[in-house]
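Colleague: starting from these lines, generate the structure:
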Amino acid sequence: MTHILDLFKPMIPNLLANLHKGQAGRVAVLGGSKEYTGAPYFAGISSLRIGGDICHIFAPTEYGTATALKTLSPELIVHPIEKSDPSDIIPWLLSLHVLIVGPGLGRSSSAWGCASEVIKAARNINLPMVLDGDALRLVCDNLDIIKGYDKVILTPNFGEYKSLSDSVKKMIGDESNSLLKPEQIALELGNITIVQKGKEDIITDGQQVLSVDEEGMPRRCGGQGDILAGAIGTMYAWSNLYYKYNFSEDAKECQYPIAMLSSYAACALVRRSSYLAYQKTKRSTITHDVINHLSQSFEQLFPEDVSK
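Modeller: Below is the predicted model:
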């Protein structure tokens, strides 16, 4: 694991006195619904706790979702979206480094319609994306929305992965009863990146495969996937910024694509945070306990002084 993390370490932005707000990552989360207010909050606050500079959350006004999110943290920039109107979101995309779609999105037709239009717009400007939660269900209904777009990362849990496998099997005419391997799904969808969450996290772009078996915790509190989405989004923003401003011949020779490296680093970080939280609070561990250990975990995994 150390070797892979060493490949990612140069992409962590140095904390310099002459940096401007936003240069260490501008991330946005599209999600939230009447049932799920915590999910976009967990993703967004995790992004900030890891070291992202700015996090926007686009959430619906219906049922007071956006208002509730505004009360959870003044650090998050919450945009109330009227009637799931994508035109309230799309103009912001050019100012972002990564868009996370799905935490708490829900399955209403209006939410899915809005998310679909935003994903298409983000793809049109080559904006890196992380799709999680209900955005994965949306993708299973319309694989073309992400097929061939190698700047997207999908983060399915077991149930979402089965649905994704079934959709891809239907697309290729596979009538077997077995699940497709993640590398086959990634390949069939045009070398997108898949993070298959489970006992081990499997990360693949269809060409290469990485696994993260860092010990986590046995407690299955809700929200861990949202933390991971925020972590992957932030680290993916960093890696894209690194290559934008520090591209060199060495960068061309990197062993793994930056989407895979970012996902690997994020999986290791969240697993370490979960482990540390569980050692302290055991059976009572909740999502905030994991978030509160992100800083300690980051220092353990990336011990160099990045402030120099």
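Colleague: what are the boundaries of the strands in the chain?
Modeller: 26-30, 54-60, 77-81, 98-101, 129-131, 152-154, 193-196, 201-204, 209-212 (DSSP state E).
Colleague: and the third one, what's its mean pLDDT?
Modeller: By that I understand strand 77-81. For strand 77-81, mean pLDDT rounds to 97.
Colleague: nearest to residue 1 among the strands of the chain would be which one?
Modeller: Residue 1 lies closest, by Cβ to Cβ, to one member of those: strand 209-212, at 7.3 Å. Placement of C-beta: from N, CA and C, glycine included.
Colleague: what residues does the closest one touch?
Modeller: By Cβ atoms under 8 Å, 6 or more residues apart in numbering, the list of residues contacting strand 209-212 from outside reads 1, 4, 182-183, 200-204, 256, 260, 263-264, 267-268, 271.
Colleague: what do you get if the cut-off is 6 Å, keeping everything else the same?
Modeller: The contact list for strand 209-212, computed with Cβ atoms under 6 Å, 6 or more residues apart in numbering, reads 183, 200, 201, 202, 203, 260, 264, 267, 268.
Colleague: if we can go back for a sec, so which of the strands of the chain is nearest residue 245?
Modeller: For residue 245, the closest of the strands of the chain is strand 26-30, at 14.6 Å, according to Cβ to Cβ.
Colleague: tell me what that closest one is packed against?
Modeller: Using 3 or more Cβ pairs under 6 Å, 6 or more residues apart in numbering; DSSP states H and E, the elements in contact with strand 26-30 are helix 38-50, strand 54-60, strand 98-101, helix 224-245.
Colleague: would you turn these into TSV with mean neighbour count?
Modeller: Output for the helices and strands packed on strand 26-30, formatted as TSV (neighbours: other Cβ atoms under 10 Å):
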stretch	mean neighbour count
helix 38-50	27
strand 54-60	25
strand 98-101	30
helix 224-245	25
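Colleague: returning to that earlier point: buried subset of the contacts of strand 209-212 as a PyMOL selection?
Modeller: Listed next is the PyMOL selection for buried residues among those, using 16 or more other Cβ atoms under 10 Å:
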select buried, resi 183+201+202+203+260+264+267+268
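Colleague: quick one: the helices in this structure?
Modeller: 2-8, 38-50, 65-72, 109-124, 134-141, 158-172, 182-188, 224-245, 249-252, 258-281, 287-292, 294-301 (DSSP state H).
Colleague: reformat those helices as a markdown table; add distance to residue 79 and mean pLDDT.
Modeller: Putting the helices of the chain into a markdown table (distance: least, Cβ to Cβ, whole Å; pLDDT from 0 to 100) gives the following:
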| stretch | distance to residue 79 | mean pLDDT |
| --- | --- | --- |
| helix 2-8 | 30 | 90 |
| helix 38-50 | 11 | 98 |
| helix 65-72 | 7 | 96 |
| helix 109-124 | 12 | 97 |
| helix 134-141 | 18 | 97 |
| helix 158-172 | 26 | 97 |
| helix 182-188 | 32 | 98 |
| helix 224-245 | 17 | 95 |
| helix 249-252 | 34 | 51 |
| helix 258-281 | 24 | 97 |
| helix 287-292 | 22 | 97 |
| helix 294-301 | 25 | 97 |
